[in-house]
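J.: Return a 3D structure for these sequence lines:
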Amino acid sequence: LATTGLVLLLACANVANLTLARMLRRDREFAMRVALGAGRGRLIRQLLAESLLISLLGTAAGLLINYGLTRFMNRLEVALPFPVQLAITPDWRLLLYASVISIAAAVAAGLLPALKATRGGSNSMLKSGEHQVGGRATVRNLLVAGQLAVSVVVLIIAALSIRNLVAAATLDPGFDLRQTAWAQMRLVPQAYPEAARARAFVASTLDQLRGLPGITSATIAAFVPLNDHFATRTRTVYSDA
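T.: Numbers count the residues shown, from 1 in each chain. As a prediction, the model looks like this:
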């Protein structure tokens, strides 16, 4: 989530930089609007509306890509001995989240250029002095510097993630992983209301597994090492010492 936020920040800085560069060519237009009676607030609302339109188009394109990818993934056939079908469906909370993010991105990417472009009156807008260009260039340089800084952070996070994945893949757990298999089993409480019945079923299952060809040993465990299985409430029904 933090990495996604940094990438979004990069995109906002990039759009803000492009918007600010576009504003440099619209000084005369803004000056004419101010001379005709348009206030600074009206100009800021216009520029924010343009940024909001861009962000809404980007959000719509992202949702369309998401919809197409989910349909494609739902049609995939997984090469497994048993049938597996993905069921990824759109969520209204995702749409609400995307709408809020698009509005926030529009404000973040459009507010600074709008304030910068509408600073000063009509006379200062009509004059294309070097102090204005220098001021705009300073803001653009700051945006570029911010983009570079965030890009370095994202690249460092990506490098650390790759290193962690490589280290996890080559980790020696102290036991043989290639010839070890595990499966998760849950006994339905309604079918096994008594602990003695559950213990008898587990003992019978272990005996059958140990009798299979190629099986050296079999046991049960509440927690499997190097696995994401965390039990909040565990009831021991069988102890295989």
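
J.: just the helices in this structure please.
T.: Taking DSSP state H as the test, the helices found in the chain are 2-23, 27-35, 40-74, 92-117, 122-126, 130-169, 195-210.

J.: got a list of contacts for the first one?
T.: The set of residues external to helix 2-23 that reach it, using C-beta atoms under 8 Å, 6 or more residues apart in numbering, is 47, 51, 54, 101, 105, 108-110, 112-113, 116-117, 136, 139-140, 143-144, 146-147, 150-151, 153-154, 157-158. Quick note: C-beta positions are derived from backbone N, CA and C, even for glycine.

J.: Average pLDDT for that helix, rounded please.
T.: Average pLDDT, helix 2-23: 78.

J.: Then the fifth one?
T.: Taken as a whole, helix 122-126 has a mean pLDDT of 52.

J.: repeat for stretch 55-68
T.: 84.

J.: Could you give the separation of that stretch from the chain centroid?
T.: Computed by C-alpha atoms, centre = their mean, to the nearest Å, the separation of stretch 55-68 from the middle of its chain amounts to 15 Å.

J.: Show me the contact partners of that stretch.
T.: With C-beta under 8 Å, 6+ apart as the test, stretch 55-68 has contacts from Pro90, Leu95, Ala98, Ser99, Ile101, Ser102, Ile103, Ala105, Ala106, Ala109.

J.: Name the nearest of those relative to Ala198.
T.: Taking C-beta to C-beta as the measure, Ala198 sits nearest to Pro90 out of those, at 40.6 Å.

J.: I'd like to check which residues are in contact with the closest one.
T.: Asn66, Tyr67, Thr70.

J.: follow-up on the earlier one: closest to Gly39 out of the contacts of stretch 55-68?
T.: Checking the contacts of stretch 55-68 one by one against Gly39 (C-beta to C-beta), the nearest turns out to be Ala106, at 20.9 Å.

J.: Perfect, that will be all.
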